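J.: What follows is a predicted structure for the sequence shown.
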Amino acid sequence: MRFILFSLLPLICTDKTVMKKIAILGSTGSIGVTALKVIQASPEKYRIIALGAGKNLELLIKQIERVRPKAVAVLDESLASDLNNRLGKNTRPEVFFGTDGFKHLVTLDEVDTIISAMTGAAGLQPTYEAIKAGKHIALANKETIVMAGPLVMGEAKRQGVLVLPIDSEHSAIFQSLQGHSREDLRRVILTASGGPFRKSSPKEMSKITPAQALNHPNWKMGPKISIDSATMMNKGLEAIEAKWLFDLEMDQINILIHPQSIVHSMVEYRDGAIIAQLGIPDMTIPISYALSFPRHEENRLPPLALEEMEMLCFEKPDMKKFRCLDLALRAARIGGSMPAVLNAANETAVESFLAGKIGFLEIPDIIEKTMEKHQTYNIDSIKIVMQADKWARDTARNILNAKWP
């Protein structure tokens, strides 16, 4: 599967007269909201065909009224019924629900590009179905690759579709690889802000509240990814994602904490040259690039003022302090079903933390106990991946209910 992103580049059409017709999965989340701003700023380039959302009907209704999609999907039948009752006659798209509803959106004949920005494992099946249907993917849902990287990227290669990253780190790697020979790559360097607790002691971290963990110093993100950033699980998931997106070995992926979030990631070549992508911490940039690739379209963001940067710092992460990162890298080395188990256990633990049921430092405890109970097996279908996901969620909940025997 040698470097699928680059092997498919000749398929990209650079004709600026071709309008991309887009479905957004996760339109009411932080990525979805920003993506809509990017799209609406260039109505001559992009058109919204469908929107997929979760429970935030208030925002979804406003989006429907603004962009007039042909179809929408929500989490369940009750929400779909409520949405139908609240929509005006002049703004009524077809309404679908559940996993099948999201799959319907991404396989619409008129759609050619999917922005996959749903949170967590829920994004895997719709994204995979979109690839099977020959749609290009702008990917923000890293769990899709974490859980089923070889299956997703293998199917993308068979269908001849692009999977372009929206994550700022993977977008930075992708940009830093442009114009360079794949054979010359030595390693990639993922940067991490370190989150809000980079300098906190273990004692201080034991008392962290959900409100504190949600307060990221540099980025505005949704609840789940904000907690993942605080535990540094997010960086572990990104390392697994980078392995499959860029066809790397895990020992070619390094992680450095960079508190300023200005250098979004780097690529080192075998002659020692390091190419980095820098920019202000705003998701508009990687979203725009994924949609406009290979062009860099203008936006209204302020430029990066390097002359105002007093320093750019880098340091190695403390694996004992950020155990979630260590667990993620351990799962990556084991491979098979273990990354899906890691992801499911993490989602379950984060939900419990946000609900006030467990402490911040108990998140890695739940994940580790779940991983210890798992007998790893090969994944050769999405069905098998989802079975691993369900097993891990059930196991993690049982561990939680047992209250640490």
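T.: Everything's here; your move.
J.: give me every residue that touches Q252.
T.: By Cβ atoms under 8 Å, 6 or more residues apart in numbering, Q252 lies in contact with L185, R186, R187, V188. All C-beta spots, glycine's among them, are computed from the backbone N, C-alpha and C.
J.: hmm, try it at 7 Å
T.: Q252 makes contact with R187, V188, according to Cβ atoms under 7 Å, 6 or more residues apart in numbering.
J.: Could you number the chain from 16 rather than 1 from now on?
T.: With the count now opening at 16, the last piece we talked about shows up as Q267.
J.: Just the pLDDT for it.
T.: Listed pLDDT for Q267 reads 97.
J.: What does R213 show for phi and psi?
T.: Backbone torsions for R213, taken as degrees, to the nearest 10, come to phi -60, psi -40.
J.: Next one: it from R345, what distance?
T.: Distance, R213 to R345, by Cβ to Cβ, to the nearest Å: 22 Å.
J.: who's more crowded, the two?
T.: Neighbours were counted for R213 and for R345 using other Cβ atoms under 10 Å; R213 has more, 18 against 15.
J.: Which pLDDT value goes with that one?
T.: R213 is given a pLDDT of 87.
J.: what do you get for the one 5 residues further on?
T.: K218 is assigned a predicted lDDT (pLDDT) of 88.
J.: same question, T134
T.: Per-residue pLDDT puts T134 at 86.
J.: Distance of it relative to I295?
T.: According to Cβ to Cβ, T134 and I295 sit 24 Å apart.
J.: the more surrounded of those two?
T.: When neighbours are counted by other Cβ under 10 Å, T134 comes out ahead of the other of T134 and I295, with 20 against 15.
J.: Run through the residues that contact that one.
T.: With Cβ under 7 Å, 6+ apart, T134 has these contacts: G41, G44, G237, K239.
J.: of those, closest to L271?
T.: The closest of the contacts of T134 to L271 turns out to be K239 (Cβ to Cβ; 23.7 Å).
J.: any idea what sits nearest the closest one, other than its immediate chain neighbours?
T.: Distances taken as Cβ to Cβ, 6 or more residues apart in numbering place T134 nearest to K239, at 5.2 Å, with adjacent residues excluded.
J.: where does K77 land in three-state SS?
T.: What DSSP: H, G, I helix; E, B strand; the rest coil gives for K77 is helix.
J.: Around it, how many other residues sit close by?
T.: So K77, with other Cβ under 10 Å, has 12 neighbours.
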